[in-house]
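Enquirer: the sequence isn't on hand, but the structure is:
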């Protein structure tokens, strides 16, 4: 949690911050900070006071092309990467698998078959998604296959008897205005991007969602997977609210395309 | 979670439950049967809504719902089994079964144009041993159930948010926009169409455009075209426990006249046992004493195992 931006910060911390600002930066910056604080007070909230992330969101990053830093190539624009420390700490054998995935990415990327991008890829997949939020949960609806992911925020816990899920089992708690989501129970059949970065069914994701302002979310995900990574690692992207007039999701059931032309029946020629 | 996974999960749950509560399970089955096979249903009049409201003023009807008369085996004889089923059980008199979902024309038959009637008859033969791809019910390959079939294929959740009513089906989501934004451009055709709704008293009125006509009405093969327009009325009972879906379909490409479809539905709550079909929920793990139910992962993208009658290939 960024304490400076939390409206629930404790009084001593607030005082400390105020003193620090006054001493080090002077009156001009203090008033700028005040403006920033007003901005965060301006974020949408549910009746229970929690931040309300409802809306249609999308990243502008090149994360889905390749999470790691990469120069241009025929199938991807260049990108600086979105990972703390730049590279995924693969175990040696896993790195070989990732290289193989990269070579075969034009056929093996699960999203090409219409499979759901999974977690966390669905968040930075280059298409809008919509969050429908209640006090008990957030349901994230993608355009892609309209698979709907539920993040429970009603104090419930991961089931004892957990199954292999495409999007994992998501349980969220609030740390001030930051939504922290613990996700386990994956099936290991999704990738992290179209360049072949991947995970196993042992994946454990901890997401952190927080408003930077009312139209911008900072999203971070820490990924742990003892079968694939040498240590946990963290990615971060910014999500922007779609504010175009009349913008809406459009369903994308691309996996039906191979047989869609057979329906509906047409009059014989 | 795939349907196969879901089946295994259900089996595991059933095995666990059986060890401790055989009687309760039997009660579940009886409850499911009773609800699934209602042979008649009450008419619900449109009128005022005096029940609870959501924070943006909508009648609060959110929760788990399911139709009360049958699944998608047969559209106009809902409890009559799949047409031409080689393993069909003998049927009693027609009046012992639930009425046709077609409530206008009054004879309960769809006013199909002759060419379309022929296509439906061909489907009803081909369905049982499909060699032509169009004779597979597309829902069996994880295509969305579309309109109206999603309303009688498994239970579903209706959730309400400021400006939206959202249907979360087992595969696919319908977002009803309650504002007056225009429909999508006509060339965009969708399995679930594009929906604009408004509340009038106890009735949610939804205009549907942009359907792609690809979702069949069920295993009896009826269909609409991409030119269909649908006006839906979801009429909720004063106690909030039931609604009737009464929708007018207008599709001059396939039909000789508009027709009306009626689908009765009832609400399922924490008071009800899970059934695995109408009310496919699990009890959430938590520290409190009250029952909290939740739904499995909502995804159906790779139904490679196949399910759903002859389309299933081991």
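Expert: The structure has been received and is ready for your questions. Here the structure is a predicted model, which means the values were calculated and not measured.

Enquirer: quick one: the strands in the stretch 151-300 of chain B?
Expert: Ranges of strands within the stretch 151-300 of chain B are B:156-161, B:164-168, B:173-177, B:194-200, B:203-209, B:229-236, B:242-250, B:259-268, B:281-283, B:293-295, based on DSSP state E, counting those that start in this stretch.

Enquirer: packed most tightly, which of the ones you listed would that be?
Expert: Comparing those by mean neighbour count (mean count of other C-beta atoms under 10 Å in any protein chain shown), strand B:173-177 comes out on top with a mean of 23. The way it works is simple: take the backbone N, C-alpha and C, and place the C-beta from them, glycine included.

Enquirer: circling back: turn the strands of the stretch 151-300 of chain B into a markdown table, including mean pLDDT and distance to residue A:78.
Expert: Formatted as a markdown table, the strands of the stretch 151-300 of chain B follow (pLDDT from 0 to 100; distance: least, C-beta to C-beta, whole Å):
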| stretch | mean pLDDT | distance to residue A:78 |
| --- | --- | --- |
| strand B:156-161 | 97 | 39 |
| strand B:164-168 | 97 | 38 |
| strand B:173-177 | 96 | 35 |
| strand B:194-200 | 98 | 37 |
| strand B:203-209 | 98 | 41 |
| strand B:229-236 | 98 | 47 |
| strand B:242-250 | 98 | 51 |
| strand B:259-268 | 98 | 52 |
| strand B:281-283 | 93 | 46 |
| strand B:293-295 | 93 | 41 |
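
Enquirer: TSV for the ones you listed, including distance to chain A?
Expert: TSV is the format used below for those (distance: least, C-beta to the nearest C-beta, whole Å):
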stretch	distance to chain A
strand B:156-161	5
strand B:164-168	6
strand B:173-177	5
strand B:194-200	8
strand B:203-209	13
strand B:229-236	14
strand B:242-250	13
strand B:259-268	16
strand B:281-283	7
strand B:293-295	7
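
Enquirer: can you put the ones you listed in JSON lines and add distance to residue A:151?
Expert: Shown next, in JSON lines, are the strands of the stretch 151-300 of chain B (distance: least, C-beta to C-beta, whole Å):
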{"stretch": "strand B:156-161", "distance to residue A:151": "14"}
{"stretch": "strand B:164-168", "distance to residue A:151": "14"}
{"stretch": "strand B:173-177", "distance to residue A:151": "16"}
{"stretch": "strand B:194-200", "distance to residue A:151": "25"}
{"stretch": "strand B:203-209", "distance to residue A:151": "27"}
{"stretch": "strand B:229-236", "distance to residue A:151": "28"}
{"stretch": "strand B:242-250", "distance to residue A:151": "28"}
{"stretch": "strand B:259-268", "distance to residue A:151": "23"}
{"stretch": "strand B:281-283", "distance to residue A:151": "17"}
{"stretch": "strand B:293-295", "distance to residue A:151": "11"}
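
Enquirer: of those, which approaches residue A:224 most closely?
Expert: Proximity to residue A:224 (C-beta to C-beta) singles out strand B:293-295 among those, at 24.6 Å.

Enquirer: residues in contact with the closest one?
Expert: A:150, A:152, A:156, B:64, B:157, B:168, B:270, B:274, B:280-284 (C-beta atoms under 8 Å, 6 or more residues apart in numbering or on different chains).

Enquirer: rerun at 7 Å
Expert: Strand B:293-295 has contacts (C-beta atoms under 7 Å, 6 or more residues apart in numbering or on different chains) with A:152, A:156, B:157, B:270, B:280-284.

Enquirer: may I have the strands that pair with it, each with its orientation?
Expert: Here strand B:293-295 is paired, per DSSP bridges, with strand B:281-283 (antiparallel).

Enquirer: distance from the strand it pairs with to the middle of the chain?
Expert: 20 Å (C-alpha atoms, centre = their mean, to the nearest Å).

Enquirer: can you check stretch B:38-45 too?
Expert: Distance, centroid of stretch B:38-45 to centroid of chain: 16 Å (C-alpha atoms, centre = their mean).

Enquirer: in which helix or strand does the one residue sitting closest to the centre of chain A reside?
Expert: Chain A has residue A:123 as the residue nearest its centroid, 3.5 Å off, counting by C-alpha atoms, centre = their mean. Mapping residue A:123 onto the secondary structure by DSSP states H and E places it in helix A:121-124.

Enquirer: chain B contacts on the stretch 1-150 of chain A?
Expert: Applying C-beta under 7 Å from any C-beta of the partner chain, we find that the stretch 1-150 of chain A lies next to chain B at A:47, A:54, A:114-116, A:132, A:141, A:145-148.

Enquirer: show the contacting residues for residue 210.
Expert: If you meant another chain, say so; for now it's chain A. Neighbour list for residue A:210: A:177-178, A:217-218 [criterion: C-beta under 7 Å, 6+ apart].

Enquirer: wait, chain B
Expert: B:183-184, B:188-190, B:193-194.

Enquirer: quick one: residue A:69 from chain B, how far?
Expert: Using C-beta to the nearest C-beta, to the nearest Å, residue A:69 is found at 31 Å from chain B.

Enquirer: same deal with residue A:101?
Expert: In this view, residue A:101 and chain B are 18 Å apart by C-beta to the nearest C-beta.

Enquirer: which pLDDT value belongs to that residue?
Expert: If you check residue A:101, the pLDDT there is 98.

Enquirer: that one sits in which helix or strand?
Expert: Here residue A:101, judged by DSSP H and E, is contained in helix A:92-103.

Enquirer: other SSEs contacting that helix?
Expert: If you count contacts as 3 or more C-beta pairs under 7 Å, 6 or more residues apart in numbering or on different chains; DSSP states H and E, helix A:92-103 packs onto no helix or strand.
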